[in-house]
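return a 3D structure for these sequence lines:
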Amino acid sequence: MSTPARQPRQERSRTTRRRLIDAAVECLGELGWSGTTVAVIAQRAGVSRGAAQHHFRTREDLVTAAVEYLGEVQVEQLRARAGDLPPGESRIEASVDMLLNLYTGPMFRAALHLWVAASTDESLRAVLAPLEARVGREAHRVALELLGVDETHPGVRELVQGTLDLARGLGLANLLTDDGRRRAKIVHQWAKVLSVSLPQVSGVTR
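Numbering: from 1, shown residues only. Next comes the predicted model:
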């Protein structure tokens, strides 16, 4: 008898949590870590501060959920687009284009504010570091899938990791000005590097 009543409550709870997480990402991108308080997030989400703290006791708890969400969304977006990638050699450039544009936009901006804050805040760093490591490992796995390579072959892991590191650097360059034109040229050139290097080390014929 209690199940029908409980289900709407559970759905409302999930909806509220999602609104709080979305609001946290928006606030981080716009206001930075210092301006992103539980009260500000709650106001942005349209809920009371008490309701926010019912779901997330501290700002760090809410940020943890936001980081997990950011990582999940990035990986989901990549995997959703993977099916549209062309076969053969042209797949490399399409994959590189996706990866080098991974760290642009509001989600990366929000994550960057957290990284900067965590560099001087030990409690935040303790929460953020293991999460970022997990998100990084998942992004690495997806990159391997997109490029169609096996990292057990010498050099593949470093090339894929270098691609992700390059993507982060380009994301930083894009924060102040639109860096799309320069990034497109880098995508084309880096794809050439990988098309030569990856088949040699992985034995994959494209």
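
how about the contacts made by residue 47?
By CB atoms under 8 Å, 6 or more residues apart in numbering, the contact list for residue 47 reads 16, 19-20. Heads up, the C-betas are built off the backbone N, CA and C, glycines and all.

where does the prediction get shaky in the protein?
Applying pLDDT under 70 to the chain flags residues 1-7, 199-206.

what segments of it are helices?
Secondary structure of the chain (DSSP state H): helices at 3-35, 38-45, 49-55, 59-82, 90-100, 106-118, 122-147, 156-173, 180-202.

now mean neighbour count too, for those, in a markdown table please.
Below are those laid out as a markdown table (neighbours: other CB atoms under 10 Å):
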| stretch | mean neighbour count |
| --- | --- |
| helix 3-35 | 15 |
| helix 38-45 | 19 |
| helix 49-55 | 15 |
| helix 59-82 | 17 |
| helix 90-100 | 21 |
| helix 106-118 | 19 |
| helix 122-147 | 16 |
| helix 156-173 | 17 |
| helix 180-202 | 15 |
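
first-to-last residue distance for stretch 44-53?
One end of stretch 44-53 sits 14 Å from the other (CA to CA, to the nearest Å).

and what of stretch 94-111?
For stretch 94-111, the first-to-last residue distance is 25 Å (CA to CA).

what residues does stretch 177-186 touch?
100-101, 166, 170, 173-174.

which of those residues sits closest to residue 79?
Nearest to residue 79 out of the contacts of stretch 177-186 is residue 101 (CB to CB; 15.2 Å).

and that closest one, how far is that from residue 94?
Noted for residue 101: a distance of 11 Å to residue 94, by CB to CB, to the nearest Å.

ok, back up a step: could you dump the contacts of residue 47 to a markdown table with distance to residue 135?
Output for the contacts of residue 47, formatted as a markdown table (distance: CB to CB, whole Å):
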| residue | distance to residue 135 |
| --- | --- |
| 16 | 24 |
| 19 | 22 |
| 20 | 20 |
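
what about the nearest residue to residue 94 once chain neighbours are set aside, distance to residue 162?
Distances taken as CB to CB, 6 or more residues apart in numbering put residue 85 closest to residue 94, at 5.0 Å, once the chain neighbours are dropped. Distance, residue 85 to residue 162, by CB to CB: 20 Å.

ditto for residue 78
Distance of residue 78 to residue 162, computed by CB to CB: 17 Å.

residue 173 now?
Distance, residue 173 to residue 162, using CB to CB: 16 Å.

and residue 50, by the same measure?
Distance of residue 50 to residue 162, given as CB to CB: 47 Å.

distance-wise, check residue 160 relative to residue 196.
Distance from residue 160 to residue 196, by CB to CB: 15 Å.

what's the answer for residue 39, then?
54 Å.

same thing with residue 66?
39 Å.

what does residue 144 give?
Taking CB to CB, one finds residue 144 at 18 Å from residue 196.
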